[in-house]
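K.L.:
with the sequence up front, the predicted model follows.
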Amino acid sequence: MDVIVENLTKSFENQKAVDSISFQAKRGEILGFLGPNGAGKTTTMKIMAGLLTPDFGNITFGDYSIGKQTGKIKNIIGYLPERNPLYNEMNVIDFLFFISKLHNIPKYKITSRVLDMIRLCGLDNDKHKQIGELSKGFRQRVGIAQALIHDPEVVILDEPTTGLDPNQIFGIRKIIKEIGEEKTVILSSHILSEIETTCDQVMIMSNGKIVANGTTSELRRKSDAEYCLKVGIKGGETSDIHKALDNLPGVLHIEIIHKQNFELQCKPDIEIEKSIFSLCQDNNWYISELTPVQTRLEDIFRKVTQNG
């Protein structure tokens, strides 16, 4: 099910938490919200989950509009808030049976749904344990299981890996990718690597606005006002090579990485590689490395949120 957000706006005490944002999330795709604290990610997700009413704008889930069919929409959404809503005194399987009844899942389906979620979320060895005894990683698994128990078409996960160790993050990421093959998944994170490795589409928010969106490769292309290149040249003095590279047309900045290895920032519309080849030929130097440096998502994030 596709989700379309149009001109969504929400203010608290005259402060805009979400400022007229529009975007689309598609079925079978994982959309990642990325942004610093206070960017508006959680507010947007709460509105999508039907927990907050927007001041302006609309969200459609397939044929349903959040302004007119909120009740129906809540039945097709699975939501995991940042603070996982669990009952620590219940054991895992009893909790999932309880959540199933809250969602009015038919009695004959409940057992199979609960067992499916226990399998999907890797909870089989812990299903009879009290939730309060579980590690944070396994409590997150239980949280995801409760969000999926009613087989929603859209899954909204707010900071699902916060506070987890690398092994726990890997486990949660695997679950998210599996459900993302069939459902529309929207998740938020302030962990850059998490968004980059998990999401098909990335949306960067700052001060309630969308400041960048697209695939990670699209974001790199949009942000590349400069072209970065690693260059290794041997056969001459480092100072002579440095000076000669710095004098090439279009070179904006040069940095010595190690001995005769350099990193060049250049204008994107010049054939810098051709100039480097000619330079080495003229001076009887030889090239040991010539590698483009891919812009990191971290650099893009810093660039588009630096005024936030």
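P.N.:
Ah, there it is. Residues are numbered from 1 along each chain as shown.
K.L.:
quick one: F262 from G236, how far?
P.N.:
Applying CB to CB, to the nearest Å, the value for F262 to G236 is 12 Å. Every residue, glycine included, has its C-beta placed from N, CA and C.
K.L.:
equivalent analysis for I144, please.
P.N.:
I144 is 58 Å from G236, by CB to CB.
K.L.:
kindly report the same for D116.
P.N.:
D116 is 66 Å from G236, by CB to CB.
K.L.:
now P106
P.N.:
Taking CB to CB, one finds P106 at 78 Å from G236.
K.L.:
so which helix or strand takes in D282?
P.N.:
helix 272-283 (DSSP states H and E).
K.L.:
show me where the stretch 201-308 of the chain has strands.
P.N.:
201-206, 209-214, 227-234, 251-258, 261-266, 286-292 (DSSP state E, counting those that start in this stretch).
K.L.:
what packs against the last one?
P.N.:
Just to be clear, that refers to strand 286-292. Strand 286-292 is packed against strand 227-234, helix 272-283, with contacts defined by 3 or more CB pairs under 8 Å, 6 or more residues apart in numbering; DSSP states H and E.
K.L.:
who does it pair up with?
P.N.:
Strand pairing for strand 286-292, using DSSP bridges, gives strand 227-234 (antiparallel).
K.L.:
would you mind giving the domain segments of this protein?
P.N.:
3-221, 225-294 (automatic domain parsing).
K.L.:
nearest to Q306 among those would be which one?
P.N.:
Closest approach to Q306 among these is made by domain 3-221 (8.8 Å; CB to CB).
K.L.:
so how far is that closest one from its chain's centroid?
P.N.:
12 Å (CA atoms, centre = their mean, to the nearest Å).
K.L.:
state the mean pLDDT of that domain.
P.N.:
Throughout domain 3-221, pLDDT has a mean value of 90.
K.L.:
and the helices and strands packed on strand 286-292 as JSON lines, adding mean pLDDT and mean neighbour count?
P.N.:
Converted to JSON lines, these look like this (pLDDT from 0 to 100; neighbours: other CB atoms under 10 Å):
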{"stretch": "strand 227-234", "mean pLDDT": "88", "mean neighbour count": "18"}
{"stretch": "helix 272-283", "mean pLDDT": "93", "mean neighbour count": "14"}
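K.L.:
just put those in CSV and tack on distance to L219.
P.N.:
Below are the helices and strands packed on strand 286-292 laid out as CSV (distance: least, CB to CB, whole Å):
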stretch, distance to L219
strand 227-234, 15
helix 272-283, 23
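K.L.:
ok, back up a step: what about P106 and G236, which has more around it?
P.N.:
G236 (16 against 8; other CB atoms under 10 Å).
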